[in-house]
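Visitor: give the three-dimensional model of this entry:
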Amino acid sequence: MNNFDLYNPTRIFFGKGRIADLGAQIPVDANVLLVYGGGSAERSGVLAQVRSELGNRTVIEFGGIEPNPRYATALKAINVIAENNINYLLAVGGGSVIDATKFIAAATKFEGDPHEILTSWGSCVSSALPFGAVLTLPATGSEMNPASVITSAENGTKMVFMSPHCYPEFSILDPEMTYSLPTRQIANGVTDAFVHIIEQYLTYPVSASVQDGFAESLLRTLIDIGPKALVNPLDYDIRANLMWTATLALNGLIGAGVPHDWSSHMIGHEITALNDTDHARTLAIILPALMDDQRALKREKLLQYAANVWNICDDSEDARIDAAISATRDFFHKMGIQTRLSEYGLDVDDIERIVTALESRGMIAIGETQSINPEAVRRILQAAI
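Guide: Residues are numbered from 1 along each chain as shown. The predicted structure follows:
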């Protein structure tokens, strides 16, 4: 196991009715910017509950955060903060809303060009406004981590930053708030969480038995409950386990002391930047092709994945790896998610655009061993057509 630091200051309030704990977490004299997305939070009644719990605090509302949160929209929020003396942020929504709130929190306190936060991967962030979150869509784990992904439609980029100053102070996770989600969003959430785990697990062995066992348990849980969540939208236990699994997938625990990959995410981000495909669906496109392309370097962990996650233990090693990759693709299909670029309107002519975009951002050697160079990306994308 590798050396590691582990720090996570986010307090979690999990379960039915935990919105009642909201008011006690925010200073009574706070001027709050309430950040949310479209109309679903209003229609579901979540915003009404939040407004009630905020009581007599000064509250300014900022809606309209996009599913892939836009840089330009976040900048508008920063202006609202300056005009209204805001000193606390509250995100109500899924990962996109929380990601946007992290960027807004950091950019408000940053004295330079806010775009530098993205180009520096967050290294220039030295402080941020305090914020909390009310989670309505389990997927990204943003409710308990310091990372954010922001899209700039003007530049055609989707960029990641992270900072220890950008952990939510608290997050409220009530599974009942997810009951009204469309099946597409549930499918995306399951897929996103699944690939988050894979990025921290399917690399090479470092004798991290605890992290591996935890990751395998989370993967098996998603394989079991993911399809059930689509057909039993009001089953509390299914939704509760899905919500907590998605949080644990990216709160730092299973990634401590182990190598990380994240190349599926880096390539997938460029697909989203190109044609706005749902983030989770780009991961379902890339991951199976990447697993096959990198099978030599990932061989030991692929065999472990086959055995411990899919119970594939018979036949030759190569046949077991093939079966595990096929099982992964079939799982995405069970979630109603297609796994080919062509099924999202992309073809061979788009491959070079994606490769060039990665190269322009200096991502010419990605993956846990930096083995995925531009030529490897081309191979992976060609296999995913």
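
Visitor: quick check: mean pLDDT of the helix or strand containing residue 224?
Guide: Assessed by DSSP states H and E, residue 224 sits inside helix 209-231. The average pLDDT for helix 209-231 rounds to 98.

Visitor: ok, stretch 297-304 next?
Guide: Stretch 297-304 carries an average pLDDT of 98.

Visitor: which parts of the helix holding residue 224 are buried?
Guide: By neighbour count on 16 or more other CB atoms under 10 Å, the buried set for helix 209-231 is 211-212, 214-216, 218-219, 221-223, 225-227, 229-230. Backbone N, C-alpha and C define where each C-beta goes, glycine included.

Visitor: and the contacts of that helix?
Guide: The set of residues external to helix 209-231 that reach it, using CB atoms under 8 Å, 6 or more residues apart in numbering, is 1, 183, 186-187, 190, 193-194, 197-198, 200-201, 235, 238-239, 241-242, 245, 248-249, 253-258, 304-305, 308-309, 331, 334-336.

Visitor: quick one: buried ones out of the residues you listed?
Guide: 186-187, 190, 193-194, 197-198, 200-201, 235, 238-239, 241-242, 245, 248-249, 253-258, 304-305, 308-309, 331, 335.

Visitor: coming back round to it: looking at the buried residues of helix 209-231, which is nearest residue 136?
Guide: Closest approach between the buried residues of helix 209-231 and residue 136, by CB to CB: residue 229, at 14.7 Å.

Visitor: for the closest one, give its distance to residue 189.
Guide: Distance of residue 229 to residue 189, given as CB to CB, to the nearest Å: 9 Å.

Visitor: residue 176 is in contact with residue 16, correct?
Guide: Yes: between residue 16 and residue 176 there is a contact under CB atoms under 8 Å: 5.8 Å.

Visitor: got any residues that touch both of the two?
Guide: Jointly contacting residue 16 and residue 176 under the rule CB under 8 Å, 6+ apart are residue 236.

Visitor: residue 205: neighbour count?
Guide: If you count neighbours by other CB atoms under 10 Å, residue 205 ends up with 12.

Visitor: and the helices in the stretch 151-300 of the chain?
Guide: For the stretch 151-300 of the chain, the helices defined by DSSP state H, counting those that start in this stretch cover 183-201, 209-231, 236-248, 263-275, 279-293, 299-310.

Visitor: tabulate those helices (CSV), appending distance to residue 108.
Guide: Listed next are those as CSV, based on distance: least, CB to CB, whole Å:
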stretch, distance to residue 108
helix 183-201, 27
helix 209-231, 34
helix 236-248, 26
helix 263-275, 24
helix 279-293, 25
helix 299-310, 41
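
Visitor: nearest to residue 359, out of the ones you listed?
Guide: helix 263-275 (10.3 Å).

Visitor: mind listing what's buried along that closest one?
Guide: Quick answer for helix 263-275 (16+ other CB under 10 Å): 263-274.

Visitor: what packs against it?
Guide: Applying 3 or more CB pairs under 8 Å, 6 or more residues apart in numbering; DSSP states H and E, one finds that helix 263-275 makes contact with strand 147-152, strand 157-162, helix 183-201, helix 279-293, helix 348-360, helix 374-383.

Visitor: include distance to residue 42 and mean pLDDT when you put those into CSV, please.
Guide: CSV is the format used below for these (distance: least, CB to CB, whole Å; pLDDT from 0 to 100):
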stretch, distance to residue 42, mean pLDDT
strand 147-152, 23, 92
strand 157-162, 27, 90
helix 183-201, 16, 97
helix 279-293, 24, 97
helix 348-360, 36, 93
helix 374-383, 39, 97
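
Visitor: JSON lines for these, including distance to residue 84?
Guide: Output for the helices and strands packed on helix 263-275, formatted as JSON lines (distance: least, CB to CB, whole Å):
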{"stretch": "strand 147-152", "distance to residue 84": "22"}
{"stretch": "strand 157-162", "distance to residue 84": "25"}
{"stretch": "helix 183-201", "distance to residue 84": "31"}
{"stretch": "helix 279-293", "distance to residue 84": "31"}
{"stretch": "helix 348-360", "distance to residue 84": "37"}
{"stretch": "helix 374-383", "distance to residue 84": "45"}
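
Visitor: quick one: closest of those to residue 368.
Guide: helix 183-201 (9.0 Å).

Visitor: got the angle between that closest one and helix 263-275?
Guide: If you take axes from the mean of the first three to the mean of the last three CA atoms, to 10 degrees, helix 183-201 sits at 140 degrees to helix 263-275.

Visitor: helices or strands up against helix 183-201?
Guide: The contact analysis (3+ CB pairs under 8 Å, 6+ apart) places helix 183-201 against helix 209-231, helix 236-248, helix 263-275, helix 279-293.

Visitor: next one: it to chain centre, how far?
Guide: Distance of helix 183-201 from its chain centroid, counting by CA atoms, centre = their mean, to the nearest Å, is 8 Å.

Visitor: cool, stretch 94-113 as well?
Guide: For stretch 94-113, the distance to the chain centre is 16 Å (CA atoms, centre = their mean).

Visitor: before we move on, the earlier item: what's the closest of the helices of the stretch 151-300 of the chain to residue 119?
Guide: Taking CB to CB, helix 263-275 is the member of the helices of the stretch 151-300 of the chain nearest to residue 119, at 14.4 Å.
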